[in-house]
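1. Just a sequence and a predicted model for now, questions to come.
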Amino acid sequence: MNVLVINSGSSSLKYHLYNMEKEEVLAKGRVERIGMDSSILTHEVDHEPEMREVSEILDHTTAIKKVLDMLTHRQYGVLTNINDIQAVGHRVVHGGESFSESVLIDQSVKLEIRKLFDLAPLHNPAHMMGIMAVEINLPDVPQAVVFDTAFHQTMPPKSYLYAIPTVLYRKHKIRRYGFHGTSYDYVSKRTAEFLERPMNKLKLIICHIGNGASCAAILEGKSYDTSMGMTPLEGLMMGTRSGDLDPAIVPYTINKEDLTLNEVNSMLNKHSGLLAVSGISSDMREIVEAMNDGNEAAKLAFEMYAYRIRKYIGAYVAAMDGVDAIVFTAGVGENSAQLRKEVCQGLTFFGVELDEERNEVRSSEPRRITTKGSKLSVLVVPTNEELLIARDTYQLVLNQPAAVESISNE
Ligand SMILES: Nc1ncnc2c1ncn2[C@@H]1O[C@H](COP(=O)(O)OP(=O)(O)O)[C@@H](O)[C@H]1O
Ligand SMILES: CC(=O)OP(=O)(O)O
Ligand SMILES: [Mg+2]
């Protein structure tokens, strides 16, 4: 079965086409700048040079159409017909309390995702555009959704409740949900394999540091606490998001700057974090480059970013009364040796001894970056959210009674 995995953002759409019998990526790519003047489609097939096409792509429906055209392209394609796509799996960031596992899409699932638009304003509306675009372009293909929040549904109430009137939880489900769960699920299992230890005996702290960034305390294979909250704004400092702040800043800023609530919300989500403090960029590569060139604002942004990660690590050691390994993953966590070094330099009390050479190694495999004698191991374990989404989608479609019949008749 071929499964197309889609992760749609407001102006981008990433795709991976999997053959599930072999768990092999047949092709992958992304469409960027959807709705802007010149959109870019980048398409990759194993061992071939990347293919880039610049054109006008005004919406997600056109973006999906372009992806399907590329997948069946005479020269660059990997499929003879779009009917060779048997299922589509989507990443959906917010599933609220309704979903503790992945599901096939029907009207009620779409309604639930829509209800959660306010709680993941940068993500859920974009995911819905992706789902609708697939529905238009591939009307007969089953679609599944895999939620970032699902893995965190095991958190105990003391982790997920806010210390505010409980009526707000009962009436409006105001609580922490946590995100990047698909990544934590995948990375915690890969880590247990790498350490050759049973998952149910491990205490892990995983730092998923990408554009959006969070940390999680994974106790015996289950999410015990995580830094993101009701929305993906809480916790660590991120590319454009503020992370933790005193909630009193919101009304104070509204009054002092004569801003609306929406403007402050947008400031905290899109104009804060690395971008605001450095005044340069939300991209860690550019921050590191500017810092190494002597830019003081970039240096401060970098230090604040690393310091917050370190504080969460400290908190989660206490939360779990110990830790067996600290793991870095996602775009920044996997690629920025400098960030890992900055974080680890303040963890000597826990027995972390960084191996500077190992820290510089680039690899797509899990690896240890501490010395042999280090009392506590720090690892880099590349995440693969797409593979987990493909696996869940494959299982859900296989387990549909109708699908079992049609596949066994083939
Ligand atoms: N070599 C690198 N050094 C530092 N940061 C990097 C490097 N490569 C990628 N990144 C960072 O990774 C981020 C993207 O991470 P990713 O996990 O793909 O995020 P998302 O899924 O949220 O888009 C980029 O914003 C960039 O800052
Ligand atoms: C939940 C979240 O922040 O996702 P991303 O890192 O993809 O922005
Ligand atoms: Mg991501």
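-> That came in fine, so what should we check first? Ligands and ions are numbered 1, 2, ... in the order given.
2. mind checking how far the closest residue to ligand 2 within the chain is from His152?
-> Ligand 2 sits closest to Gly212 of the chain, with a gap of 2.2 Å, by C-beta to the nearest ligand atom. In short, each C-beta sits where N, CA and C put it, glycine included. Look at Gly212 and His152: by C-beta to C-beta, to the nearest Å, they are 14 Å apart.
3. now do Asp283
-> 27 Å.
4. the more surrounded of these two?
-> With neighbours defined as other C-beta atoms under 10 Å, Asp283 and His152 compare such that His152 has more, 28 against 16.
5. That one contacts Lys222, doesn't it?
-> No. Contact criterion C-beta atoms under 8 Å: His152 and Lys222 do not qualify, at 9.2 Å.
6. interface residues of the chain facing ligand 1?
-> Contact residues (C-beta under 6 Å from any ligand atom) of the chain with ligand 1: 210-212, 239, 283-285, 288, 330-332, 335-336.
7. So which of those are in helices?
-> Those of the residues of the chain next to ligand 1 mapping onto helices are Met284, Arg285, Val288, Ala330, Gly331, Val332, Asn335, per DSSP state H.
8. How about the last one, nearest residue that isn't a chain neighbour?
-> With sequence-adjacent residues excluded and distances taken as C-beta to C-beta, 6 or more residues apart in numbering, Asn335 is closest to Arg362, at 7.7 Å.
9. so which strand or helix has that neighbour?
-> Arg362 is part of no helix or strand when elements are defined by DSSP states H and E.
10. And for it, the neighbour number?
-> Residues lying near Arg362 (other C-beta under 10 Å) number 9.
11. Give me the distance between it and Ala297.
-> 28 Å.
12. try Ser242
-> Separation of Ser242 from Ala297 (C-beta to C-beta) stands at 16 Å.
13. same thing with Gly178?
-> Per C-beta to C-beta, Gly178 is found 31 Å from Ala297.
14. remind me which residues of the stretch 301-410 of the chain are low pLDDT?
-> Low-confidence segments of the stretch 301-410 of the chain, defined by pLDDT under 70: 402-410.
15. Which parts of it are strands?
-> Per DSSP state E, counting those that start in this stretch, the stretch 301-410 of the chain carries strands over the ranges 325-329, 367-368, 377-380.
16. Quick check: bridge partners of the closest residue to Glu56 other than its chain neighbours?
-> Leaving aside its sequence neighbours, Glu56 sits nearest to Ser39 (C-beta to C-beta, 6+ apart; 6.4 Å). Beta-bridge pairing of Ser39 under DSSP bridges involves Ser55.
17. Gly178 and Ala297: who's more crowded?
-> For Gly178 versus Ala297, the count of surrounding residues by other C-beta under 10 Å is larger for Gly178: 29 against 15.
18. and stretch 365-379, how far apart are its ends?
-> Start and end residues of stretch 365-379 are separated by 11 Å (C-alpha to C-alpha, to the nearest Å).
19. Mind listing what's buried along that stretch?
-> Within stretch 365-379, the residues scored as buried using 16 or more other C-beta atoms under 10 Å are Pro366, Arg368, Ile369, Thr370, Ser374, Leu376, Ser377, Val378, Leu379.
20. can I assume Ser336 is in contact with Met284?
-> Yes. The criterion here is C-beta under 8 Å, and Ser336 meets it with Met284 at 5.6 Å.
21. Which residue comes closest to whichever residue of the stretch 251-400 of the chain sits closest to ligand 1 once chain neighbours are left out?
-> Here the stretch 251-400 of the chain gets closest to ligand 1 at one residue, Gly331, 1.9 Å apart by C-beta to the nearest ligand atom. Of all residues not flanking Gly331 in the chain, Gly210 sits nearest, at 4.1 Å (C-beta to C-beta, 6+ apart).
22. For the protein, name the helix or strand with the lowest mean pLDDT.
-> helix 401-408 (a mean of 56; mean pLDDT, DSSP states H and E).
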